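Chemist: Turn this into a structure:
(one chain, ligands or ions: 1)
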Amino acid sequence: MSLTDETTTIPVLDDATQSIPAVLPDRASLATLEATDVSAWFGTHKVLDRVSLTMPAGRITALIGPSGCGKSTFLRILNRMHELVPGASLAGRVEIDGADVYDPDRKLTDARRAIGMVFQKPNPFPAMSIEENVLAGLKLTGTKVASRDRDDLVEECLTKGGLWKEVKDRLDAPGGGLSGGQQQRLCIARSLAVKPRVLLMDEPCSALDPTSTRVIEETMLELAQEVTIVIVTHNMQQAARVSDQCAFFLAAYGTPGVIIEHGDTATMFESPQDQRTSDYVNGRFG
Ligand SMILES: Nc1ncnc2c1ncn2[C@@H]1O[C@H](COP(=O)(O)OP(=O)(O)OP(=O)(O)O)[C@@H](O)[C@H]1O
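Modeler: So this is what the prediction gives:
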């Protein structure tokens, strides 16, 4: 089913009922994510109207805009989390390298494995060890890794998450015992363990101090070489520091969110086309 009918309601899919093999493209390569005419509702409340955006392979795309304009909803549509909200629906198309993310013949876990998510508040499993946290996503997504390869995978993911040096001597310690910034990097490492092609990050630094924020930003810049990143941020300096392109979302009073303008980050900050973009990135509202 391609979700081009504006009135289509997405059913909440039960993984247990989906046994068709994965057909997502090779997860080892960088992927472009393409959203076309995406609209979204919570019940009858329409919160996004025909949003289209290309998020290029190996680049960092920042979604910016004032509170309530639909950035997080858009992000959650990209890896099929929106459909978990009772009464939520959407229309439009999301493709990863041309493959329909909402193809009903595809397992929900395939979409989640290919398109990982890091949330605003670090959410490690507090009682699980650091090592167990990294490996936790494998079980949740049904990803198989031989036990002899697990140590290497843990080291690889913690290294990419920028945490290895700090925790390599205490992999058995509980994840909940780490600082907030370390916990967020542990969550990034956990997302990486299933080898996603895209990593979605919803205000990943908003609960962190400036030092931890910089460490996460450095981690993101390194990760972009092997995974496409889409980040929601309210921090304009952060958008300017880390992103290659920005999309400015806005919802005028009583209307659903739309993208007013998008383009490469330098242009969006230095010479945007739309006065509202200029006002927003210069802190005149929002
Ligand atoms: N679970 C939900 N149920 C009902 N309405 C929701 C739900 N989540 C979000 N909304 C509504 O959808 C609209 C868009 O919200 P969303 O969180 O996507 O915006 P946002 O731009 O990410 O905001 P913020 O920057 O504050 O996180 C808002 O009007 C919000 O109230």
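Chemist: How about the residues of this structure by the ligand?
Modeler: 42, 47, 65, 67-73, 85 (CB under 6 Å from any ligand atom). All C-beta spots, glycine's among them, are computed from the backbone N, C-alpha and C.
Chemist: name the helices or strands packed onto the helix or strand containing Asp37?
Modeler: Taking DSSP states H and E as the definition, one finds Asp37 inside strand 33-42. Using 3 or more CB pairs under 8 Å, 6 or more residues apart in numbering; DSSP states H and E, the elements in contact with strand 33-42 are strand 45-55, helix 71-78, strand 88-96.
Chemist: Just the residues contacting the first one, thanks.
Modeler: What that stands for is strand 45-55. 32-41, 61, 70, 73-74, 77, 90, 92, 198, 228, 230, 247, 249, 251, 255-259, 262 (CB atoms under 8 Å, 6 or more residues apart in numbering).
Chemist: now it, how far from the centre of its chain.
Modeler: Its chain's C-alpha centre and that of strand 45-55 lie 16 Å apart, by CA atoms, centre = their mean, to the nearest Å.
Chemist: list the buried ones in it?
Modeler: Neighbour counts over strand 45-55 (16 or more other CB atoms under 10 Å) mark 46-49, 51, 53-55 as buried.
Chemist: Please apply the same query to stretch 81-100.
Modeler: 81-83, 88-97, 99-100.
Chemist: and of those residues, the nearest to Gly181?
Modeler: Of all the buried residues of stretch 81-100, Gly181 sits closest to Met81, with 24.1 Å by CB to CB.
Chemist: how much space between the closest one and Arg112?
Modeler: Distance from Met81 to Arg112, counting by CB to CB, to the nearest Å: 8 Å.
Chemist: Mutual contacts of the two, please.
Modeler: By CB under 8 Å, 6+ apart, no residue touches both Met81 and Arg112.
Chemist: Cross-check the contact I'm expecting between Ser206 and Gln120.
Modeler: Yes - with contacts counted by CB atoms under 8 Å, Ser206 reaches Gln120, the gap being 5.5 Å.
Chemist: from the chain's centre, how far out does the lowest-mean-pLDDT helix or strand in the chain sit?
Modeler: The helix or strand of the chain with the poorest confidence is helix 108-114; it has a mean of 87 (mean pLDDT, DSSP states H and E). Between the centre of helix 108-114 and the centre of its chain there are 12 Å (CA atoms, centre = their mean).
Chemist: Could you identify the helix or strand that succeeds that helix?
Modeler: Assigned by DSSP H and E, the successor of helix 108-114 is strand 115-118.
Chemist: All the helices of the chain, residue numbers only.
Modeler: 71-78, 108-114, 130-141, 147-160, 164-167, 180-192, 210-223, 236-242, 265-270, 275-281 (DSSP state H).
Chemist: measure Ala252 to Phe42 for me?
Modeler: 18 Å.
Chemist: and the helices of the chain, which one's lowest on average pLDDT?
Modeler: Of all the helices of the chain, the minimum mean pLDDT falls on helix 108-114 (a mean of 87).
Chemist: Now do the contacts for Leu192.
Modeler: 116, 156-157, 160-161, 199, 223, 227 are the contacts of Leu192 under CB under 8 Å, 6+ apart.
Chemist: Which one (most neighbours) among these?
Modeler: Sorting the contacts of Leu192 by how many neighbours each has (other CB atoms under 10 Å) puts Gly161 first, at 27 neighbours.
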